[in-house]
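**Student:** only the shape, not the letters, is given here:
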């Protein structure tokens, strides 16, 4: 493991100082942030441009995706299956395995390290120049790791919320095959919260997380 | 041309109508409630799935993203961690343990219906397989599919630069042991050929002999 990795997960993110801002200054800041955000994202990285770049219709492999979708959504026994089924199950199994060995902290560090490379490379600068909401953009709607995991992501400025994919699946798996030992709160406290905070540290922001059947992540 | 009296014609028509009314109507009747009975059409959450698919397939830089993108990356990352930590054997043990009740049910099905049932349950009808493999080619005694890990691992190594495992690790420290140990519990013997296209065959099946 890279010795430069630092574990700065903070499950009790402090609220930022709030300042009263008059309407004129608020408007100026929003305009500036929006302009800079666009400039940063368009100028800084080809990846930002190439995402949702209109090439959908040119893909030759859509048939496989549609077949998988049809098969998934035709399967309602013993519960209605969804496109994120296998991913959610895989994640729950891994959390169960790692928690059983007491390695959850290291596992999170490793995850943030291996997949946080792009956050280090692109997102931090974007946040510095374009505003904190870019951190949430990068962590959620911009990455397949999120939009393939969460059924849908509700986007508001400085806030993202989504139905928890783990709760219903964990309930189903505990009934059948009934071999996982973790509880729902383990998923929140040993995975989601520390992972998000890990990415937030790398992006140079702080988060406030409210877990539940709908999770809400605010950048503060 | 034989003349038919009006009486005779009427008799035949009435008889035919009665027979038609009594005849099994299943094929025709089934058509009328196809929509109501179709599980896929009854879903009210398809929009989210379609949106996710659209977002995925509209991303082509730096490589073409696919519906299994996150799942594959997640498995590779998990494997990378377990190998780094030297707990890969335990990871496989845990996987098999968590799946054991399902594998034992498959064993019972195989005892009733034959070995082919094992491949159906492990691949064709298992979301963990058909959401992982882009497509599964079904032949008697054999399933084959493009390896989802090779290209994804190459991308992770190139663009994330944080992965150290090799493709052979995925084959030898994940796929092969998982399939073989699953097969042991089910009570079948399989032969695995890894490659850009992987195949899993029932040993001594006709397909495997050809």
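**Tutor:** That came through, no problem. A quick note: this is a predicted structure, and the numbers were derived from the prediction, not measured. Numbering: from 1, shown residues only, chains lettered A, B, ... in the order given.

**Student:** what about the helices in chain B?
**Tutor:** Using DSSP state H, the helices of chain B run over B:6-22, B:26-32, B:34-37, B:39-42, B:46-57, B:69-85, B:88-113, B:116-119, B:127-130, B:149-155, B:167-170, B:176-186, B:206-209.

**Student:** got it, and chain A?
**Tutor:** Using DSSP H, helices in chain A cover A:23-44, A:46-50, A:62-74, A:85-101, A:104-115, A:117-118, A:124-130, A:133-139, A:144-147, A:166-175, A:184-187, A:193-203.

**Student:** out of those helices, which gets nearest to chain B?
**Tutor:** Smallest distance to chain B across the helices of chain A (C-beta to the nearest C-beta): 3.0 Å, for helix A:46-50. C-beta: built from backbone N, CA, C; applies to glycine.

**Student:** for that closest one, give the mean pLDDT please.
**Tutor:** Per-residue pLDDT over helix A:46-50 has a mean of 56.

**Student:** so what pLDDT did the residue of chain B found nearest chain A get?
**Tutor:** Scanning chain B for the residue nearest chain A gives residue B:61, at 3.0 Å (criterion: C-beta to the nearest C-beta). As predicted, residue B:61 sits at a pLDDT of 85.

**Student:** picking up where we left off before, pipe the helices of chain B into JSON lines and attach mean neighbour count, distance to chain A and mean pLDDT per row.
**Tutor:** Shown next, in JSON lines, are those (neighbours: other C-beta atoms under 10 Å in any protein chain shown; distance: least, C-beta to the nearest C-beta, whole Å; pLDDT from 0 to 100):
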{"stretch": "helix B:6-22", "mean neighbour count": "10", "distance to chain A": "34", "mean pLDDT": "72"}
{"stretch": "helix B:26-32", "mean neighbour count": "9", "distance to chain A": "17", "mean pLDDT": "72"}
{"stretch": "helix B:34-37", "mean neighbour count": "9", "distance to chain A": "11", "mean pLDDT": "87"}
{"stretch": "helix B:39-42", "mean neighbour count": "13", "distance to chain A": "4", "mean pLDDT": "94"}
{"stretch": "helix B:46-57", "mean neighbour count": "18", "distance to chain A": "5", "mean pLDDT": "94"}
{"stretch": "helix B:69-85", "mean neighbour count": "22", "distance to chain A": "4", "mean pLDDT": "97"}
{"stretch": "helix B:88-113", "mean neighbour count": "16", "distance to chain A": "4", "mean pLDDT": "98"}
{"stretch": "helix B:116-119", "mean neighbour count": "21", "distance to chain A": "16", "mean pLDDT": "98"}
{"stretch": "helix B:127-130", "mean neighbour count": "18", "distance to chain A": "5", "mean pLDDT": "96"}
{"stretch": "helix B:149-155", "mean neighbour count": "19", "distance to chain A": "11", "mean pLDDT": "96"}
{"stretch": "helix B:167-170", "mean neighbour count": "17", "distance to chain A": "14", "mean pLDDT": "98"}
{"stretch": "helix B:176-186", "mean neighbour count": "18", "distance to chain A": "12", "mean pLDDT": "98"}
{"stretch": "helix B:206-209", "mean neighbour count": "12", "distance to chain A": "22", "mean pLDDT": "49"}
